[in-house]
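Chemist: Pasting a predicted model and its sequence here:
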Amino acid sequence: MKDALRITEIFCSLQGETTRMGLPTVFVRLTGCPLRCGYCDSTYAFTGGETQSFQTILDKIASFNTHHICVTGGEPLAQKGVHELMRLLCDAGYSLSLETSGALSIADVDPRVSRILDIKTPGSGELSKMHWKNLDYLSKQDEIKFVLCDRNDYEWARDLIRERRLETLAPVLMSPVWETLPPANLAAWVLEDHLPVRMQVQLHKILWGERPGV
Ligand SMILES: C[S@@+](CC[C@H](N)C(=O)[O-])C[C@H]1O[C@@H](n2cnc3c(N)ncnc32)[C@H](O)[C@@H]1O
Ligand SMILES: Nc1nc2[nH]cc(C(=O)O)c2c(=O)[nH]1
Ligand code: SF4
Ligand SMILES: [Mg+2]
C-alpha cells in the first residue's frame, strides 16, 4: 500500500541511547529486519506489526505532544516509504533521529535527520552485511555506534576507530551488549586506551528492564 508502513509499536519514553539520552522521545518502531544480530533486543519486531497509513502514524505521534522522534525497528530503512514519512515529520517541525544497522544506504535519508549508524561487530554475527560506503555520507549531526559483545569486539572497534579516525566524521558511541559485557569492563578499557568515544549504557533498561514499549 502507498503512503503506509508496517509498524510494530509507537510509544513515548525517555531516549535511552545516543547523545540525546534522557530526552522525552516518541519511538516509531518499524517491522522487519534483514539482519539477525545474536544479541538483538527487538526480535519481536522481525515479523507481525500492523500496516498503518502515514496519517494514522502522524496522528498517533502528535497525540504525545513531544518534540523528539526516534525512528527505529527492526531495520527502518528496509521499508522504502520511511523516507517520505521522515520528510513529513521534519516538515512538521519535529527533531528526528534514525537508528540504523549500517547494512542499508543512508544516502537518501533527509539531511535534517540525525542518523545513528551502528557498525556491526564480529560478535554480532552480522559484520559481513555492513555497507561501508555509509561512512562517506556522515556529517557532524550524525553518530557512529558500536555495540560490543566482548573484549574481542572492543579491540576490533578500537582499531577501526584509530585507523579511519572515525571521531573526525561524527561522535562515536560505545555501548555494551546488555547483561553480556559488564559496563565497568568497557569503561576501564576506554579509559586505559584514551579512546575518543562516548561510552553509554541503555538508560531505559536500567529504569524499566528489558521489555517492549519503553
Ligand atoms: C534494536 S536496533 C534497531 C535499529 C537497527 N536495526 C540497528 O540495529 O541499529 C537499535 C539499537 O539497539 C542496539 N541493541 C540491540 N540489542 C541490544 C542489546 N542486547 N544490548 C545493547 N544494545 C542493543 C542495536 O545495536 C542498535 O544500536
Ligand atoms: N527508551 C528507549 N530508547 C531507545 N533508543 C533506541 C531504541 C531502539 O530500540 O532503537 C530505544 C528503545 O527501545 N527505548
Ligand atoms: S539490525 Fe537491529 S533490529 Fe536487526 S537484528 Fe540487528 S539489532 Fe536487531
Ligand atoms: Mg531498543
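Modeler: Perfect, thanks for sending it. Ligands and ions are numbered 1, 2, ... in the order given.

Chemist: drop to CA atoms for contacts and neighbour counts, all remaining ones
Modeler: Will do.

Chemist: can you give me how far the helix or strand encompassing Asp159 is from the chain middle?
Modeler: Taking DSSP states H and E as the definition, one finds Asp159 inside helix 151-164. Put simply, helix 151-164 sits 19 Å off its chain's centre (Cα atoms, centre = their mean, to the nearest Å).

Chemist: now the very next helix or strand once past that helix, how far from the centre of its chain.
Modeler: Later in the chain than helix 151-164, the nearest helix or strand by DSSP H and E is strand 172-176. Put simply, strand 172-176 sits 11 Å off its chain's centre (Cα atoms, centre = their mean).

Chemist: before we move on, back to that, now for the helix holding Asp159, which elements pack on it?
Modeler: If you count contacts as 3 or more Cα pairs under 8 Å, 6 or more residues apart in numbering; DSSP states H and E, helix 151-164 packs onto no helix or strand.

Chemist: what angle separates that helix from strand 172-176?
Modeler: Angle of helix 151-164 versus strand 172-176, following axes from the mean of the first three to the mean of the last three Cα atoms, to 10 degrees, is 180 degrees.

Chemist: Next, the buried residues of helix 151-164.
Modeler: For helix 151-164, the buried set under the neighbour-count rule, 16 or more other Cα atoms under 10 Å, comprises 153-154, 157-158, 161.

Chemist: Check stretch 174-188 too.
Modeler: Under the neighbour-count criterion of 16+ other Cα under 10 Å, stretch 174-188 has 174-178, 181, 183, 186-187 buried.
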